[in-house]
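Trainee: no FASTA, just this:
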């Protein structure tokens with residue numbers, strides 16, 4: 001995994017950010033900045049380490065699958081400059097839909113939820129990576145070699161995307177002017193990590209924010225962001241963080257009395273309930289809109 005070579009840089013940048021956000025840092029942090037908290041940071045680092053171990057353990061099989069599919073490709077893009085441009089844009093487009101699905105489909109959210117479980121927002125949060133998303137990404141990325149995406153080039157593009165997304169997990173950087181029209185930025189990604197109702201399931205971009213603008217999931221940063229989940233988890237145990245939502249999903253499915261309810265818990269949006277008492281992000285936004293004229297929601 002190429003990203004492992006970037007780990008020393010990650011550590012240095014986290015130390016620099018922590019110093020900037022500290023009381024003795026060179027700049028006074030805004031009131032909304034929470035900085036680092038020891039247990040939270042340790043949990044994020046443990047999640048990142050687990051993700052790397054699982055990634056390395058499964059890398060060979062995932063690469064083998066992509067190479068096997070590639071031999072049946074419908075197109076041959078080559079390896080030139082145009083091919084690289086197509087691969088980079090195609091990977092980013094695929095990432096957007098995988099990321100969006102990871103918020104809108106319950107079993108995929110079970111794999112992704114832990115990345116949003118921190119109530120802090122700093123560079124260590126970028127390392128709070130899932131132990132099970134290496135398997136959900138295959139659902140979206142496996143078809144790409146069939147379309148002619150060279151697996152090696154696709155692996156490089158995915159690494160570039162992952163490295164890019166590290167630096168946007170910060171409150172130190174504010175707005176970036178015209179760049180915000182095209183690229184994902186710290187401001188855009190702060191929104192994505194917000195539990196404010198208006199921020200739920202918004203700004204799923206990897207590198208290019210244009211996908212959110214095109215497909216109706218863009219939200220600018222206006223109100224102060226409340227980081228974390230709508231129902232925060234009270235643990236710093238990395239194993240519990242990794243599997244808490246999976247355990248809840250299994251309980252819901254086991255307790256369901258109909259196949260409609262079982263399938264709904266697996267494939268509908270997080271918060272879906274068979275009795276109509278759903279609290280999905282879409283319904284929460286609709287209720288907020290309906291009540292906005294009669295008071296704060």
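Mentor: Sure, I can see it. Everything numeric in this text was worked out from a predicted model, so none of it was measured.
Trainee: how many residues are close by residue 205?
Mentor: By the criterion of other C-beta atoms under 10 Å, residue 205 has 26 neighbours. To be clear about C-beta, it is placed using only N, CA and C from the backbone, and glycine gets the same treatment.
Trainee: correct me, but it touches residue 214?
Mentor: No - at 10.4 Å, residue 205 does not count as touching residue 214 under the criterion of C-beta atoms under 8 Å.
Trainee: for stretch 253-263, buried residues please.
Mentor: 253, 256, 261-262 (16 or more other C-beta atoms under 10 Å).
Trainee: what about these, which are in helices?
Mentor: Using DSSP state H, the members of these that fall within helices are 253, 261-262.
Trainee: nearest to residue 111 among those?
Mentor: residue 253 (15.4 Å; C-beta to C-beta).
Trainee: ok, now which ones touch that closest one?
Mentor: Contact analysis of residue 253 by C-beta atoms under 8 Å, 6 or more residues apart in numbering lists 262, 265-266.
Trainee: can you list those in CSV and add pLDDT and distance to residue 16?
Mentor: Formatted as CSV, the contacts of residue 253 follow (pLDDT from 0 to 100; distance: C-beta to C-beta, whole Å):
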residue, pLDDT, distance to residue 16
262, 97, 48
265, 97, 43
266, 98, 43
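Trainee: go through those residues and name the one nearest residue 48.
Mentor: When those are compared against residue 48 (criterion: C-beta to C-beta), the nearest one is residue 266, at 27.5 Å.
Trainee: where's the closest one relative to residue 105, distance?
Mentor: Distance, residue 266 to residue 105, by C-beta to C-beta, to the nearest Å: 8 Å.
Trainee: same check on residue 135?
Mentor: For residue 135 relative to residue 105 (C-beta to C-beta), the value is 14 Å.
Trainee: okay, the two: which has more neighbours?
Mentor: residue 105 (19 against 13).
Trainee: how about whichever strand or helix holds residue 53: buried residues?
Mentor: Assigned by DSSP states H and E, residue 53 belongs to helix 38-70. Within helix 38-70, the residues scored as buried using 16+ other C-beta under 10 Å are 40-41, 43-48, 50-52, 54-55, 62, 66, 69-70.
Trainee: I'd like the next helix or strand past that helix.
Mentor: Heading C-terminal from helix 38-70, the first helix or strand you meet, by DSSP H and E, is helix 81-104.
Trainee: tell me what that next one is packed against?
Mentor: helix 106-112, helix 133-136, helix 138-141, helix 143-146, helix 151-166, helix 210-215 (3 or more C-beta pairs under 8 Å, 6 or more residues apart in numbering; DSSP states H and E).
Trainee: contacts for the third one?
Mentor: Which is helix 138-141. 62, 65-66, 94, 97-98, 101, 154, 158.
Trainee: where does the closest residue to residue 261 other than its chain neighbours land in three-state SS?
Mentor: Distances taken as C-beta to C-beta, 6 or more residues apart in numbering place residue 274 nearest to residue 261, at 4.0 Å, with adjacent residues excluded. The local conformation at residue 274, judged by DSSP: H, G, I helix; E, B strand; the rest coil, is coil.
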